[in-house]
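Asks: need coordinates for the following:
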Amino acid sequence: MKSNPAEVVLIPTPGMGHLLSAVELAKLIIRHEQRISFLILILNVPLNFSIVNNYINSVSRNNPYPTRLTFVVLPPLSHLPDPTSPNFLTSFIDLHKPLVKQIIKNRAEAEARPVGFIFDMLCTPMMDIATEFNIPWYIFFPSGASFLNLMLQFQSLADFHGIDIATEFSNPDITFDIPGFTNQVTGKIVPRIFLEKEGGSSMMIDRARHFRRSNGILVNSYVELQQFGIQALFDQVTKHSIPAVFPVGPIIELDDESRSGSQSQKNNEESIIGWLDEQPLSSVVFLCFGSMGSFDRDQVNEIAKGLENSGHRFLWSLRKPPPGDGKYGLPSEDETFVDALPEGFLDRTSSRGSIIGWAPQVSILAHSAIGGFVSHCGWNSILESLWFGVPIATWPCYAEQQLNAFELVKELELAVGIRIDYKYEWKIKKGNFLVTAKEIEIGVKKLMNLDETTKTRVKQMRDEGRKALHNGGSSHKWLRCFIEHVLSHDN
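Replies: Purely as a prediction, here's the structure:
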């Protein structure tokens, strides 16, 4: 009998949206399989690394598996590539390869038994290391099945049909089919990164090529949620055009304690929950746009007017945007953008509204006072909202969120749409258009007075998501399949 557990090396993208679900994936596998341990390597990205570092420190302090879940934060690079370069991420990952290679070599010499790599969907250039050590490697795809289908389709169009994706799909009025969708999709919801001729489009196409070369793809979704999208992936597996697919979601971080780094954030959480405790059942609309979400002054003004005119109670995570210097940055964690609000707004809405900065999103969505969620439709946020049975009004901002919003509203009928085609412009810190106060007012009213049919579907999906993870559930079965797939290589 082998004395040490088989070790899986997990390399997540060091952004909170990817990191949280990757760590939860490791915990989930460890809970289900005593024969596996995890080494999680954290790439030291300079941009707001303190947020990532605080999270890792918190998880490490409260590590339920200290001998089987190990975190290693890599040292910062001595020569950082230009953050404004369209190839920054790929160059950044490539420069970490020697560090990762040395760590794996040291682990092997210390009698650790690496049996597999799991790379985040954006970290696949690391596959060279797995190949060099002759170790199987897998992809963790933290988004949904539909985005994976889109990536694979665009890669196929580019490689086998000679189509320039950035040019072909730049027309917002173009309509086309995506495997797993029953409705045609328009160019308006094509993720912006595919329309970037320099870097973005070619990077995503390249990542999709890597997916096809892997030993398998773990998808953060469940069959009951994305039945057609997942079946479309299974069909491609059957045709041997992609490797094995394992839908193992919903994988979400349900402990806000590990996300709140500072004492002030913990105090703020107590204040927020205290305020919600005083509100009637299902009466509050929650507005939050993710760790990267913020708006300019004009858009904040429209949101405020829409909320005020809706007449509904609200909890609004209104974070101050990063400096408008044309550089990439994250909104303030604690500072709110109250100086952008209309004059007298806070006084007029003081009896029914609360403005906050950082939001303990899971704790808020779990609260009985929340009746609806105006969301940017990041995949983690969607899964969290469905987990607690909270209906969504869609307002996508970046990444694949437009596609997610389209799916929620048009395909799954689990949400109402404020917009599905809004796109945030990072360089100018503005959206591609202004969402009007009237649109917001109508959307909030529709969300908070949702028809019973949609409410029932949301609650059903809440129940299906929880069942999927239980023994005998669909995701539990696929997780076991993945575990056996990994261990079959442990000779």
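Asks: tell me what the top helix by length along the chain is packed against?
Replies: Counting residues, the longest helix found in the chain (DSSP state H) is helix 88-109. With contacts taken as 3 or more Cβ pairs under 8 Å, 6 or more residues apart in numbering; DSSP states H and E, helix 88-109 sits against strand 6-11, strand 36-42, strand 113-120, helix 127-132, helix 200-213. Quick note: C-beta positions are derived from backbone N, CA and C, even for glycine.
Asks: can you give me the angle the third one makes with strand 36-42?
Replies: Strand 113-120 and strand 36-42 meet at an angle of 50 degrees, taking axes from the mean of the first three to the mean of the last three Cα atoms, to 10 degrees as the criterion.
Asks: and of the helices and strands packed on helix 88-109, who's closest to Val23?
Replies: Closest of the helices and strands packed on helix 88-109 to Val23 is strand 36-42, at 6.7 Å (criterion: Cβ to Cβ).
Asks: can you name the next helix or strand after the closest one?
Replies: Using DSSP states H and E, the next helix or strand after strand 36-42 towards the C-terminus is helix 49-61.
Asks: from the chain's centroid, how far away is that next one?
Replies: In this view, helix 49-61 has its centroid 18 Å away from the chain centroid, taken as Cα atoms, centre = their mean, to the nearest Å.
Asks: tell me the strands beside the helix or strand following that helix, with direction?
Replies: For helix 49-61, the succeeding helix or strand toward the C-terminus, using DSSP H and E, is strand 69-73. In the sheet, strand 69-73 lines up against strand 36-42 (parallel) (DSSP bridges).
Asks: contacts for the partner strand?
Replies: Defining contact as Cβ atoms under 8 Å, 6 or more residues apart in numbering, one finds that strand 36-42 is touched by 4-12, 14, 19, 22-23, 26, 29-30, 52, 56, 65, 67-74, 100, 103, 107, 112, 114, 483, 486-487.
Asks: could you rerun that using 7 Å?
Replies: Residues outside strand 36-42 that contact it (Cβ atoms under 7 Å, 6 or more residues apart in numbering) are 5-11, 14, 23, 26, 29-30, 52, 56, 68-74, 100, 103, 107, 483.
Asks: now do stretch 352-367
Replies: Residues contacting stretch 352-367 (Cβ under 7 Å, 6+ apart): 254, 256, 260, 265, 268-269, 272-273, 275-276, 286, 288, 307, 313-319, 332-336, 338, 370, 373, 381, 384-385, 388, 390.
Asks: what's the ChimeraX syntax to select whichever of those residues are buried?
Replies: In ChimeraX syntax, the buried subset of the contacts of stretch 352-367 is picked out as below (16 or more other Cβ atoms under 10 Å):
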select :256,260,265,268,269,272,275,276,286,288,307,313,314,315,316,317,318,319,333,336,370,373,381,384,385,388,390
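Asks: quick one: which of the contacts of stretch 352-367 sit in strands?
Replies: Under the assignment DSSP state E, the contacts of stretch 352-367 contribute Phe286, Cys288, Arg313, Phe314, Leu315, Trp316, Ser317, Ile370, Phe373 to strands.
Asks: Asn134: which element?
Replies: Per DSSP H and E, there is no helix or strand for Asn134.
Asks: per-residue pLDDT of it, please?
Replies: Listed pLDDT for Asn134 reads 94.
Asks: phi first, then psi, for it.
Replies: Here is the backbone geometry of Asn134 (degrees, to the nearest 10): phi 60, psi 50.
Asks: likewise for the one 4 residues further on?
Replies: The main-chain torsion angles of Tyr138 are listed as degrees, to the nearest 10 and equal phi -130, psi 160.
Asks: phi, psi for Gly353 please.
Replies: Torsion angles, degrees, to the nearest 10, at Gly353: phi -140, psi 160.
Asks: any chance of the helices and strands packed on helix 88-109 in JSON lines, plus distance to His161?
Replies: Converted to JSON lines, the helices and strands packed on helix 88-109 look like this (distance: least, Cβ to Cβ, whole Å):
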{"stretch": "strand 6-11", "distance to His161": "32"}
{"stretch": "strand 36-42", "distance to His161": "37"}
{"stretch": "strand 113-120", "distance to His161": "27"}
{"stretch": "helix 127-132", "distance to His161": "25"}
{"stretch": "helix 200-213", "distance to His161": "12"}
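Asks: for the ones you listed, which one sits closest to Thr453?
Replies: When the helices and strands packed on helix 88-109 are compared (using Cβ to Cβ), the closest one is helix 200-213, at 36.2 Å.
Asks: quick one: low-confidence ranges for the stretch 351-491 of the chain?
Replies: 491 (pLDDT under 70).
Asks: which stretches of it form helices?
Replies: Applying DSSP state H, counting those that start in this stretch to the stretch 351-491 of the chain gives helices spanning 361-365, 379-387, 401-406, 437-448, 452-469, 474-487.
Asks: and the second one, how far from the chain's centre?
Replies: It stands for helix 379-387. Relative to its parent chain, helix 379-387 has a centroid offset of 9 Å by Cα atoms, centre = their mean.
Asks: what angle sits between it and helix 452-469?
Replies: Per the same axes, to 10 degrees, the angle that helix 379-387 makes with helix 452-469 is 110 degrees.
Asks: tabulate the CA atom coordinates of helix 379-387 in CSV.
Replies: What follows is helix 379-387, C-alpha atoms only, in CSV (Å, rounded to 0.1, in the frame of the first residue of the first chain):
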residue,chain,number,x,y,z
TRP,A,379,-20.9,32.6,-13.3
ASN,A,380,-20.1,32.4,-9.6
SER,A,381,-22.8,34.9,-8.8
ILE,A,382,-25.3,33.0,-10.9
LEU,A,383,-24.6,29.8,-9.1
GLU,A,384,-24.7,31.5,-5.7
SER,A,385,-28.0,33.2,-6.5
LEU,A,386,-29.6,29.9,-7.7
TRP,A,387,-28.2,28.1,-4.7
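Asks: if anything else comes up later, I'll come back, but that's it for now.
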